[in-house]
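Okay, structure incoming, though there's no sequence with it:
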């Protein structure tokens, strides 16, 4: 029997990645892309259109990947009657790693 309270915590913990991904897109756009002026002699990596695309795509992709990883691990935890905290944390960790990757890529 699956505990409904655990299901609710797993669902809420992973659904919070949706607004986190949207905030991360905003922060990537404002903080990373606004950090360097890209004039005619812009040599920063963020001045490349490819890097700008990656900086904007990585945060929502990380949120989706975090939700998928958390859902898979959470489903296994629920079936084995284990705590779901590790599954939620793993989902958030995946999101955090991709957000840091986007910031580092844009700041390089």
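It's in. On a predicted model such as this, the values are computed, not experimentally measured, just so you know.

center of the chain - which residue?
Central residue of the chain (Cα atoms, centre = their mean): residue 95, 2.7 Å from the mean position.

from what I can see it touches residue 60, true?
No. With contact defined as Cβ atoms under 8 Å, residue 95 does not count as touching residue 60 (9.7 Å). From N, CA and C alone the C-beta is placed, and that goes for glycine too.

Overlap of the contact sets of these two?
21, 24 (Cβ atoms under 8 Å, 6 or more residues apart in numbering).

buried set for the longest helix along the chain?
Counting residues, the longest helix found in the chain (DSSP state H) is helix 49-79. Within helix 49-79, the residues that qualify as buried are 51-52, 54-56, 58-60, 62-67, 69-70, 73-74, 77-78, counting by 16 or more other Cβ atoms under 10 Å.

Does residue 83 touch residue 77 like I think?
Yes. Using Cβ under 8 Å, residue 83 is in contact with residue 77, at 6.6 Å.

hmm, back to that, any idea how far residue 48 is from the residue nearest to the centre of the chain?
Going from residue 95 to residue 48 by Cβ to Cβ, to the nearest Å gives 24 Å.

any residues in contact with both of residue 83 and residue 77?
Common neighbours of residue 83 and residue 77 are listed as residue 6 (criterion: Cβ under 8 Å, 6+ apart).

For the nearest residue to residue 65 once chain neighbours are set aside, identify the helix or strand it belongs to.
Using Cβ to Cβ, 6 or more residues apart in numbering and skipping the chain neighbours, the partner closest in space to residue 65 is residue 94 (5.2 Å). When elements are assigned from DSSP states H and E, residue 94 belongs to helix 85-107.

circling back to that earlier point, quick one: mean pLDDT for the longest helix of the chain?
Here helix 49-79 scores 90 as its mean pLDDT.

Next, the angle helix 85-107 makes with that helix.
Angle, helix 49-79 to helix 85-107, by axes from the mean of the first three to the mean of the last three Cα atoms, to 10 degrees: 170 degrees.

Give the other helices and strands that helix 49-79 contacts.
In terms of contacts (3 or more Cβ pairs under 8 Å, 6 or more residues apart in numbering; DSSP states H and E), helix 49-79 is packed against helix 4-15, helix 17-27, helix 85-107.
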